[in-house]
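Novice: with the sequence up front, the predicted model follows.
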Amino acid sequence: MANKADKEKMLEEIEDRVRTIGVLTSGGDAPGMNAAIRAVVRTALGKGLNVQGIRRGYHGLLNEEIINMTARDVSDIIQRGGTILQTARCSEMRTEEGQRKAAGILKKYGIDGLVVIGGDGSFAGAQKLANLGVNTIALPGTIDLDIACTDYTIGFDTAVNTAMEAIDKVRDTSTSHERCSIIEVMGRDAGYLALWCGIANGAEKILLPEEKDYDEQALIEDILENKKRGKKNYIIINAEGIGDSINMAKRIEEATGIETRATILGHMQRGGSPTCKDRVYASTMGALAVDLLCEGKSNRVIGYQDGKYVDFDIDQALSMKKTIPEYQYKIAKSFAI
């Protein structure tokens, strides 16, 4: 921690910028969010700033669920999954009235810099607040890895490892019973979890939301062909965006005569102690968010590209499009022989 003289000097340098930073987590929770919160709080305190924690995301902001945060408040949280500030979705924040109300509450509490941790929807809220004069920095917190401006999102590494380990266990029992197994992972609109697990778990088939018109009859024929070749199991990784895993299993079993079971991993992928990568990257992003606010920057989103931490204008970040890497998808298919 800085001494009194150092704090006074830092405050003089940033007196026309930020004095109190707010931090919130919004949308779906992701492992590593606590590491980011901890980094924001401790970095800001080290610069002589005040920190206000906003509980339950934008919903909590609109209900003035705002608490003062100290270094002690973020002790012993870096290893915990979820978010100590809790999170929620908020339809009111999509309205102009809600956005103006949120900006007014931030002003009321003297919060002149806000760090928002979440996905694209959370970024849109930060963008609206920035347009209303609030200094905002957004961090990519989502297990889906679906934010176009970054190669990394807080929580993805933990979630994909959680899913991978669960699928390994399903494969063990699937082999023992010579079953076909459909394992559904999260990813309503993005298939990164499914793709990575498909490669890491050696799946015979990956179904992605980006490819909704898959050929089920061709899939059934491939299962039968693999059975003829003596394969003891057949693993299908199915993204949430395709879904219908239970009915799919019934159809496959009826068509092939092979026992087929569906396992939906669900929200277990959001929980658990974050990996080293999620802790370190989230901590770095949290500290960088405070640095950017102290530099007078706003309406920025922090990302990670080509081995470096970068920041983009939120407007630019939201306009970017992200697609499944073609080469990774190609090799995933080539391995399934």
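Specialist: Perfect, I can see it now. Given the structure is predicted, the values throughout are model-derived calculations rather than measurements.
Novice: what about the protein, any weak spots by pLDDT?
Specialist: Low-confidence segments of the chain, defined by pLDDT under 70: 1-16, 337.
Novice: got the contact list for the residue nearest the centre of it?
Specialist: Centroid-nearest residue in the chain, with Cα atoms, centre = their mean: Thr142, separated by 0.9 Å. Listed by Cβ atoms under 8 Å, 6 or more residues apart in numbering, the contact set of Thr142 reads 27-28, 30, 118-119, 153-156. To be clear about C-beta, it is placed using only N, CA and C from the backbone, and glycine gets the same treatment.
Novice: in the stretch 51-200 of the chain, which spans are strands?
Specialist: Listed in chain order, the strands of the stretch 51-200 of the chain (DSSP state E, counting those that start in this stretch) span 66-68, 113-118, 135-140, 180-185.
Novice: in this protein, where's the longest helix?
Specialist: When the chain is parsed with DSSP state H, its longest helix is helix 156-177.
Novice: what angle do that helix and strand 135-140 make?
Specialist: In terms of direction (axes from the mean of the first three to the mean of the last three Cα atoms, to 10 degrees), helix 156-177 departs from strand 135-140 by 20 degrees.
Novice: in helix 156-177, which residues are buried?
Specialist: 156-164, 166-167, 170-171, 174 (16 or more other Cβ atoms under 10 Å).
Novice: tell me how far the residue of the chain most remote from its centre lies from Ile258.
Specialist: For the chain, the residue at maximal distance from the C-alpha centroid (Cα atoms, centre = their mean) is Lys228, at 40.8 Å. With distances taken as Cβ to Cβ, to the nearest Å, Lys228 is found 11 Å from Ile258.
Novice: okay, now the domains of this protein?
Specialist: 4-155+274-319, 157-270 (automatic domain parsing).
Novice: in the stretch 51-200 of the chain, which spans are helices?
Specialist: Along the stretch 51-200 of the chain, counting by DSSP state H, counting those that start in this stretch, helices occupy 57-62, 96-108, 120-131, 156-177, 192-200.
Novice: in a markdown table: the ones you listed, plus distance to Leu85.
Specialist: Below are the helices of the stretch 51-200 of the chain laid out as a markdown table (distance: least, Cβ to Cβ, whole Å):
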| stretch | distance to Leu85 |
| --- | --- |
| helix 57-62 | 8 |
| helix 96-108 | 15 |
| helix 120-131 | 13 |
| helix 156-177 | 18 |
| helix 192-200 | 24 |
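Novice: so which of those comes closest to Tyr214?
Specialist: helix 192-200 (12.0 Å; Cβ to Cβ).
Novice: which neighbouring elements make contact with the closest one?
Specialist: helix 156-177, strand 180-185, strand 205-207, strand 234-239, helix 326-335 (3 or more Cβ pairs under 8 Å, 6 or more residues apart in numbering; DSSP states H and E).
Novice: closest to Gly191 out of these?
Specialist: That would be, of those and by Cβ to Cβ, strand 234-239, which comes in at 4.6 Å.
Novice: so what are the sheet partners of that closest one and their directions?
Specialist: Neighbouring strands of strand 234-239 in its sheet, by DSSP bridges, are strand 180-185 (parallel), strand 205-207 (parallel).
Novice: on that earlier part again, of the helices of the stretch 51-200 of the chain, which is nearest Ile206?
Specialist: Judged by Cβ to Cβ, the one of the helices of the stretch 51-200 of the chain that comes nearest to Ile206 is helix 192-200, at 3.6 Å.
Novice: ok, and what's touching that closest one?
Specialist: Applying Cβ under 8 Å, 6+ apart, the set of residues contacting helix 192-200 is 143-146, 156, 159-160, 163-164, 167, 183, 185-187, 203, 205-208, 237-239, 269, 324-325, 328-329, 331-332, 335.
Novice: again, only this time at 7 Å
Specialist: 143-146, 159-160, 163-164, 167, 185-187, 206-208, 237, 239, 324, 328-329, 332 (Cβ atoms under 7 Å, 6 or more residues apart in numbering).
Novice: one more: stretch 77-87?
Specialist: 24-27, 29, 31, 33-35, 37-38, 53-57, 271-274, 279.
Novice: just the buried ones from the residues you listed, in ChimeraX syntax?
Specialist: Buried subset of the contacts of stretch 77-87, written as a ChimeraX selection, criterion 16+ other Cβ under 10 Å:
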select :24,25,26,27,29,31,33,34,35,37,38,53,54,55,56,57,272,274,279
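Novice: which of the contacts of stretch 77-87 fall in strands?
Specialist: 24-25, 53-54 (DSSP state E).
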